[in-house]
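*Asks:* Structure for the following, please:
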Amino acid sequence: MSSLYEPLGTLKQIGPEIWIADGPPVQFYGVGFPTRMTVIRVGKGTRNVGLWVHSPIAIDAELQVELEELAPVRWLIGPNPLHYVSLATWKKRFPNADVYAAPGVQARAQKYNIKVPAHEVLTDEAPWDWASAIRQRVVHGHKFLHEVVFYHELSNTLILTDLIENFEPHKVGKFKALLFKIAGNADPDGKAPLDMRMTFKNKAKARAVIEELISWAPDRVILSHGRWYTEDGTAELKRAFRWLGLQGDAAQNEGEDL
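*Replies:* Predicted coordinates for the structure are as follows:
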């Protein structure tokens, strides 16, 4: 088994005004999931510029210094009801940052007695202070996992969280690789895991949003878990979401029920 996406806990620039940072694995139902956050610098000049941080990973003093050298951290994003646990830690380190979270985060945090900072709930409309740089949409249809997806226009990059997972077998070991292959979220055919696909109550709602994302024709697609797509992003979206019954010949030819 090879190492994960090292170096961990440090910024890696992938395009104009956009960085990723890979973090250590987190345990979820006994399985270690590699983590990845996205950072976008929004604004121009020195007074209005700030960092937008998607799905924050574990942070230490070195990563904090790297961020502060770029710009002040102004927005912390919890993109779905599974990615919010680090928000409280980051809010303590960056008390002036505003916190935004997906629909359902507050209810899930209360269910598991986890503290989440006071926050604004994300919608289909980006707040004015980052709307000029980042589009966003809420993917509805699942019984609780309302994920908010984002598109950075300058770098032509789509940012997803759990709607596609793409675990590389050689990085997770043989046993986990078998589990992920069965679940359908193993590279090179990563997608939403089987349990998530089966618990979408309304695929039509999700399909409408995904087709809009495809129409934006992103080059890159960043994922929180596993190998992300540095190129051919639009084709990867069509492949990964064929289970939704997307419109178009390519999607129909590869259609599947789950």
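
*Asks:* Low-confidence regions, the stretch 151-258 of the chain specifically.
*Replies:* 248-258 (pLDDT under 70).

*Asks:* Ile182 contacts Lys176, doesn't it?
*Replies:* No - taking contacts as CB atoms under 8 Å, Ile182 lies outside contact range of Lys176: 10.7 Å. C-betas here are computed from N, CA, C, even on glycine.

*Asks:* Could you check which of these two has the larger neighbour count?
*Replies:* Taking neighbours as other CB atoms under 10 Å, Ile182 and Lys176 compare with Lys176 leading, 17 against 11.

*Asks:* element containing the more buried one?
*Replies:* Using DSSP states H and E, Lys176 sits in helix 174-183.

*Asks:* buried residues in that helix?
*Replies:* 176-177, 179-180, 183 (16 or more other CB atoms under 10 Å).

*Asks:* For it, give me every contacting residue.
*Replies:* Helix 174-183 is contacted from outside by 31-32, 165, 167, 169-170, 172, 186, 193-195, using CB atoms under 8 Å, 6 or more residues apart in numbering.

*Asks:* Which of these sits closest to Tyr100?
*Replies:* Closest to Tyr100 out of the contacts of helix 174-183 is Glu165 (22.8 Å), distances taken as CB to CB.

*Asks:* Name all residues that make contact with the closest residue to the closest one other than its chain neighbours.
*Replies:* Of all residues not flanking Glu165 in the chain, Asn185 sits nearest, at 3.9 Å (CB to CB, 6 or more residues apart in numbering). Counting by CB under 8 Å, 6+ apart, Asn185 makes contact with 164-167, 191-194, 225-226.

*Asks:* and Ile210, how many neighbours does it have?
*Replies:* A total of 22 residues lie near Ile210 under the criterion other CB under 10 Å.

*Asks:* Also Glu17?
*Replies:* Neighbour tally, Glu17, other CB under 10 Å: 20.

*Asks:* can you check the one 5 residues further on too?
*Replies:* One way to gauge burial is a neighbour count; for Asp22, by other CB under 10 Å, it gives 19.

*Asks:* With adjacent residues omitted, what lies nearest to it?
*Replies:* Here the residue nearest Asp22, using CB to CB, 6+ apart, is Tyr5, at 3.8 Å.

*Asks:* Check the secondary structure at the closest residue to Trp75 other than its chain neighbours for me.
*Replies:* Excluding the flanking residues, the one nearest Trp75 by CB to CB, 6+ apart is Trp52, at 4.6 Å. Judged by DSSP: H, G, I helix; E, B strand; the rest coil, the three-state class of Trp52 is strand.

*Asks:* tell me the contacts of Trp52?
*Replies:* Contacts of Trp52 by CB under 8 Å, 6+ apart are 39-42, 74-75, 77, 130, 133-134.

*Asks:* if we go to 10 Å?
*Replies:* 17-18, 38-43, 71, 73-77, 97, 100, 129-130, 133-134, 150, 152 (CB atoms under 10 Å, 6 or more residues apart in numbering).

*Asks:* For ChimeraX, what selects the buried ones among these?
*Replies:* Only the buried entries of the contacts of Trp52 go into this ChimeraX selection, using 16+ other CB under 10 Å:
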select :17,18,38,39,40,41,42,43,71,73,74,75,76,77,97,100,130,133,134,150,152
